[in-house]
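**Q** Give me the fold of what follows.
(chains A, B and C)
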Amino acid sequence: MEARITLQVDGERRALTLDTRTTLLDALRDHLGVMSPKKGCDHGQCGACTVLLDGRRATTCLSFAVAHDGAAITTAQGLAANGALHPVQRAFIAHDGLQCGYCTPGQICSAVGMIEEARAGHPSHVTKDLTGPVALTDDEIRERMSGNLCRCGAYVNILAAIREAAS
Amino acid sequence: MYLRPSMVEEALAALAEGGPTTILAGGTDYYPARVGRPLTEDILDITAIAALRGIGERDGALRIGAAVRWTEIAEAALPPSLRCLQLAAREIGGRQIQNAGTLAGNLCNASPAADGVPCLLALDAEVELASARGTRRLPVAEFVRGNRRTARRPDELMTAIIVPRCAEAARSTFLKLGARRYLVISIVMVAALIEAAPDGAIAAARIAVGACSAAAQRLPLLEAVLRGRRLASGIGCLVAAEHLGELAPIDDVRGTAAYRREAARRLVARALDELAAEAAA
Amino acid sequence: MTRLLEPRAIGMPLERLDGHAKVTGTAPYAFEHALRDPLYLYPLEAAIARGRMTAIDTAEAEALAGVVAVMTPRNAPRLAADDDQELWLLQSEGIHFRGQLVGAVIAQTPEIARHAAALVRIAYEAEPHDAALAADRDDLYKPEQVNPDYAADTDEGDVEAALAAADVAIDATYTTPMEHNNPMEPHTTVAIWEGGVLTLYDSTQGAHSVRTTLAPVFGLAPDKIRIIAPYVGGGFGSKGTAHAHDVLAGLAAQMVPGRPVKFALTRQQMFWLAGYRTPTIQRIRLGAGRDGRLTAIVHEVIEQTARFKEFAEQTATSTRIMYASPNRRTSHRLAKLDVPVPSWMRAPGETPGMFAGEVAMDELAVACGLDPIALRIRNDPAADPQSGKPWSGRKLVECLREGARRFGWDRRAPNPAARREDGWLVGMGVASSTYPAYALPGSRATIRYGEDQRYVVRIGAADIGTGTWTALTQIAADALGCPIEAVRLEIGDSALPHASVEGGSSGINCWGSAIVAAARAFRGQHGAAPVPGAEIGAEMPEDPEAQRFAMHSFGAQFAEVRVNADTGEIRVPRMLGVFSAGRIINPRTARSQFIGGMTMGLSMALHEESVLDPRFGHVVNHDLASYHIAAHADIGDIDAVWLDEVDPHSNPMGSRGIGEIGIVGAAAAIANAAWHATGIRIRDLPITPDKLLA
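**A** Now for the predicted structure:
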């Protein structure tokens, strides 16, 4: 079965016709050629395909594209509007928060979404005080970034990058 | 076939026809369950149904819509008795999973390690099941029948989870033990709810353990022991191995049965001690 | 003496030159090159562990709209050479392991390909299979050599007599489980067969090594195969050699000439098609005087290989060089099983071997009542115990001392289970680390001065996250005596001059040496002011000193561990590695490499275990939800430092390689710290909470 949908990808309106079984990730990569979100596990277990979906962190491998007709998607590519890197992206380079780079766009989208969640006061598993604003301690960052695996082991530097970008 | 209705009635009509068989909300369990299999079944996507969204009060009980995601539960202003559920919501997978997955889906998927089940058992919650034939309610303990087995009939849609109002003094907590800090399928998890009088006497205790049997279990023996005791420092020492008789843990990749049983005992004790410390504070 | 480079760019913490492309996700990995009109491949996999296929029914699959071809042994193109049975694909009906590639669907979309693959019916004639490794098997055998070319066994002196006479003796068995590399980018090949040329966009650690391997398999001249791999999403050894999926994609491409065929393994398939680290069973016996001086070292290893192809991990080789003792014996014995073939995984040999060896040393320290650092210093050999050659630079003692100072080792209580904080038992552990400095032959580089007044440096090297793009640019700048901006590096393509594989931590040493040779030749021929178009190429020269010295890197790993007294949960809040690895080309990316290795070592220590079900011969926990690798919340404060040094004998950069040493010894340091925290000695990885519940 085929369906026709539109997606707002990195600020650009894209119309596409696709198999209803196509995941949002495959729609972006195979149909639209947007390769910034990566396929690492295809089961929501690694976070490499993370984008901001209507402003929230989402693993695009875990949903059908047809369920997101009209959605606005921001990828790591789109975070660098007009070629100027997002502060989180600059901090990743400065702190060498990447090696092979395959998990990196997902890490960056996740970090950007995470900083917003903390600003909005959303608690995490390690948040002690549920009443006040959330302070992004190292433990908070580690906890909130744990949906994004990195096999090269760049976690220490990712933490440093996010700590700097969030302050 | 991919159906994405906006009204409950459309969904029920489709189910009544024997139409779409797989009901999809967050999708977080859907893909991992289909490794190496083609995606050929019909899908009923319920995420566009407005009536299934939102958390609200009705008839003195809290009603959590079937399309409510973990993040919404974590961030909602809920009474302290529901803290166990909110803690569980913050520990399920990564944030990306919490943004997509639903409590109702967690129940319907009925994994022995489903994080929501022990919480709902401790909260004495019910589920609401609708079909073209009508609507019925079922306690969670009766709904979850075992490993991947539920009481949902093929033409039924879970529309809500109903949590009865607890005494204002009721407090709850949730603890989970996994081999890794994150994104784990639990070895053991505990939800505990205690309702104590101002003098500390325990009026009601509801303790449930997950991942240690085919479906999460309440611990009635322990609950009976706790009733009338004072919620105070050291209460965890009351938890004895014989209180865990309901559990039937298995050996698997994540831990041995013997370890699970012992860890469950210690985790239940820790949960009670935490609730006591909180009450004292 | 090797003529060393004058360091100007090298040694500088240059930011990763590919950083911008990677943080935006625009660096093209194998699947991501813009190609017109691609087709998608979904593989057919064997559902039994041993036997043969008796019938294959493809009719239903072929009838599905959008299916272009179904490839099976009946219609697959013929291959030319069967030397490597892992790559001898679809040429017979035989099944060697569960999950073996036995066919493929090629379709217009990935959804159709996956659907059609499920419609293919295969009937089998199963034979009894055997997939259980055990120490008491009666069919264990001695391989001719172990990877890459070490003797399987060594024996010097009289270990039995020395053990019998020893004041103190340790005799213990250690095990490490099957582990999977799991790079974040699944192994991917996009193949195009056009005009008699096979082009593969491949996720590989060596464009030329894949070409060299595949050319005879396909019966093609090497210049008829081209491998393109500018960016690779990790490998850790599993992308070091061509695997079966490369061949399957190549065969499929031949069935649809002119059309790109895209084939990415699923994460699940990586658990049987992309190599893994063999499980090991290691018995170690140590004999020593009361002063801790070793009199006997015995390291006997049992591990597995596949029945259809041998891979013998060199698990005991590090023991041959680590410590001095007059009586020493090492051996490797293999079980041939009906399982996928093991392969390279970060520091094959050293990683499992040094876990066992360094925990055994900790046990000896306890038995002798010695500090574990003092024990290691006491047994530090003046020359290589194996070859008798002088070290090009063995600074293990310096690493241990520097680490002890930085880590606060003097605060460590001499007895275990001495420190308890808020319900957590706290301990510290140490282990040594080592890795050989390999120099693989055959790398070549060319340098051309362009119209834009920049030097184009070309070599078919790989960057799998190791920082090659950046480090080779720095080396080229110093070799040419020009600014970094004046160098334009081209790598990741077999159309470039030949490069050795990114493996054995040898990449920068070999490729850098070739670039230095080319730069010196360029200046010799064209001088300091070349004309545009000036070009020269050169091979990496033989290093005459390599024969005179034993070249190994060393390090000291420190870990602090906390164990929950109630549940046995284990955390590692702190790790420190101090390394001696020759000159560090780029401190920023090098630190990432060391820390990354240590992080993988922590992951190995606490989490990683592939559970092979012997009834079916496949890995049960074949995804990232159940095969745990360390997540962000598992990682505390991990730091790596290194001694400021230059190896004057290794190569013109004075470097020895850093990609693997970070993982070696890390798991032992954590296990030793867990003992110090609890008094419980863990000899079987991973260290899960149930093993620590007292």
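
**Q** What segments of chain A are strands?
**A** Using DSSP state E, the strands of chain A run over A:2-9, A:12-19, A:50-53, A:56-59, A:72-74.

**Q** what would the ones you listed look like in TSV with distance to residue C:335 and mean neighbour count?
**A** Quick note: C-beta positions are derived from backbone N, CA and C, even for glycine. Below are the strands of chain A laid out as TSV (distance: least, CB to CB, whole Å; neighbours: other CB atoms under 10 Å in any protein chain shown):
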stretch	distance to residue C:335	mean neighbour count
strand A:2-9	52	16
strand A:12-19	46	14
strand A:50-53	42	27
strand A:56-59	40	28
strand A:72-74	50	21
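
**Q** Look up the closest residue to residue 66, ignoring the ones flanking it.
**A** All of this refers to chain A. Among residues not flanking residue A:66 along the chain, residue A:3 sits closest, at 4.6 Å (CB to CB, 6 or more residues apart in numbering or on different chains).

**Q** Not quite, go with chain B.
**A** Excluding the flanking residues, the one nearest residue B:66 by CB to CB, 6+ apart is residue B:104, at 3.8 Å.

**Q** Just confirm the residue nearest to residue A:66 contacts residue A:21, I think it does.
**A** No. Taking contacts as CB atoms under 8 Å, residue A:3 lies outside contact range of residue A:21: 10.1 Å.

**Q** and for these two, which residues touch both?
**A** Common neighbours of residue A:3 and residue A:21, using CB atoms under 8 Å, 6 or more residues apart in numbering or on different chains, are residue B:2.

**Q** re the thing from before, and of the strands of chain A, who's closest to residue C:52?
**A** strand A:12-19 (35.4 Å; CB to CB).

**Q** Send me that closest one as CSV with only the CA atoms.
**A** What follows is strand A:12-19 as a C-alpha-only set of coordinates in CSV (Å, rounded to 0.1, in the frame of the first residue of the first chain):
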residue,chain,number,x,y,z
GLU,A,12,12.1,22.6,3.4
ARG,A,13,8.7,21.2,2.4
ARG,A,14,9.1,17.8,0.8
ALA,A,15,6.3,15.7,-0.7
LEU,A,16,6.7,12.0,-1.2
THR,A,17,4.9,8.9,-2.1
LEU,A,18,5.9,5.8,-0.2
ASP,A,19,5.2,2.3,0.9
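
**Q** other SSEs contacting it?
**A** When contacts are defined as 3 or more CB pairs under 8 Å, 6 or more residues apart in numbering or on different chains; DSSP states H and E, strand A:12-19 sits against strand A:2-9.

**Q** outside of the strand it packs on, which residues touch it?
**A** A:13-20, A:27-28, A:32, A:34, A:65-66, A:68-73, A:75, A:78, B:2.

**Q** and with 7 Å instead?
**A** A:13-20, A:28, A:32, A:34, A:65-66, A:68-73, B:2 (CB atoms under 7 Å, 6 or more residues apart in numbering or on different chains).

**Q** Does the residue nearest to residue B:66 touch residue B:161 like I think?
**A** Yes. Here residue B:104 reaches residue B:161: they are 6.3 Å apart, a contact under CB atoms under 7 Å.

**Q** Sketch out the low-pLDDT regions of chain B for me.
**A** Low-confidence segments of chain B, defined by pLDDT under 70: B:19-20, B:35-37, B:179-185, B:253-254.

**Q** And the residue of it that's closest to chain A?
**A** residue B:94 (1.7 Å; CB to the nearest CB).

**Q** what's the offset of stretch C:630-640 from the middle of its chain?
**A** Offset of stretch C:630-640 from its chain centre (CA atoms, centre = their mean, to the nearest Å): 20 Å.

**Q** Hmm, I typed the wrong one, I wanted stretch C:463-482.
**A** Distance, stretch centre to chain centre, for stretch C:463-482: 22 Å (CA atoms, centre = their mean).

**Q** now swap in stretch A:42-51 and tell me
**A** With CA atoms, centre = their mean as the basis, stretch A:42-51 stands 9 Å off its chain's centre.
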